[in-house]
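Peer 1: this one's sequence-less:
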């Protein structure tokens with residue numbers, strides 16, 4: 001049998017005004033026979049799982065003095081001992097394509113270090129829940145990336161910035177889609 005909450009609305013609202021808001025909300029839902037929605041835990045970003053196998057990225061690159069350029073990135077990831085190896089083929093509109101390789105090792109819970117073909121120094125990465133924070137130096141400046149894992153784990157949004165002397169000189173916004181489905 002369904003409850004009709006409308007005939008209780010006026011007195012319930014009057015009484016609820018004297019209660020703390022969270023308690024009033026919970027009581028109002030209970031009066032209607034409803035329960036509050038369950039909280040969903042976000043998945044934890046595990047680069048060894050997300051980048052294993054094939055993935056594809058579509059991005060827009062913006063360099064400070066130039067127009068936006070489309071970027072396409074095809075990746076194949078594999079685990080070699082304690083190292084995640086990601087081979088990438090990158091195509092930028094109007095430029096010749098190039099290949100690069102990432103190598104990441106676990107340094108502890110949620111912490112990683114490694115190398116990247118175009119980095120001029122060490123790559124560091126840290127997991128913060130459903131996000132992966134990557135940093136490394138390059139010839140173009142200090143690179144910082146934030147990858148945010150989708151709740152269904154089939155894709156991640158990548159926001160990259162390059163700074164030189166504290167000024168953002170380039171940005172990239174990318175969606176990386178796993179080709180093997182959810183992790």
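Peer 2: In hand now; what should we look at? Please read these numbers as outputs of a predicted model, since none were measured by experiment.
Peer 1: Helices of the protein, start to end?
Peer 2: 9-16, 21-31, 47-50 (DSSP state H).
Peer 1: Okay, residue 107 and residue 125: tell me how far apart.
Peer 2: Residue 107 sits 9 Å away from residue 125, going by Cβ to Cβ, to the nearest Å. Placement of C-beta: from N, CA and C, glycine included.
Peer 1: next one: residue 137
Peer 2: On the measure of Cβ to Cβ, residue 137 and residue 125 end up 14 Å apart.
Peer 1: which of the two has more neighbours?
Peer 2: Just comparing residue 137 and residue 125: by other Cβ atoms under 10 Å the higher neighbour count belongs to residue 125, 22 against 13.
Peer 1: nearest residue to the more buried one other than its sequence neighbours?
Peer 2: residue 112 (4.1 Å; Cβ to Cβ, 6 or more residues apart in numbering).
Peer 1: Please verify my assumption that the one you found contacts residue 106.
Peer 2: Yes: Residue 112 is in contact with residue 106 according to Cβ atoms under 8 Å; the separation is 5.9 Å.
Peer 1: so where is this structure shaky, pLDDT-wise?
Peer 2: Along the chain, the model assigns pLDDT under 70 to residues 1-41, 181.
Peer 1: now do 50
Peer 2: Within the chain, the stretches with pLDDT under 50 are 1-19, 21-39.
Peer 1: so who does the residue positioned nearest the centre of the chain touch?
Peer 2: By Cα atoms, centre = their mean, the chain has its centre lying nearest to residue 148, at 0.8 Å. By Cβ atoms under 8 Å, 6 or more residues apart in numbering, the contact set of residue 148 is 45, 130-131, 156-157, 159.
Peer 1: With residue 150 instead?
Peer 2: Counting by Cβ under 8 Å, 6+ apart, residue 150 touches 156-157.
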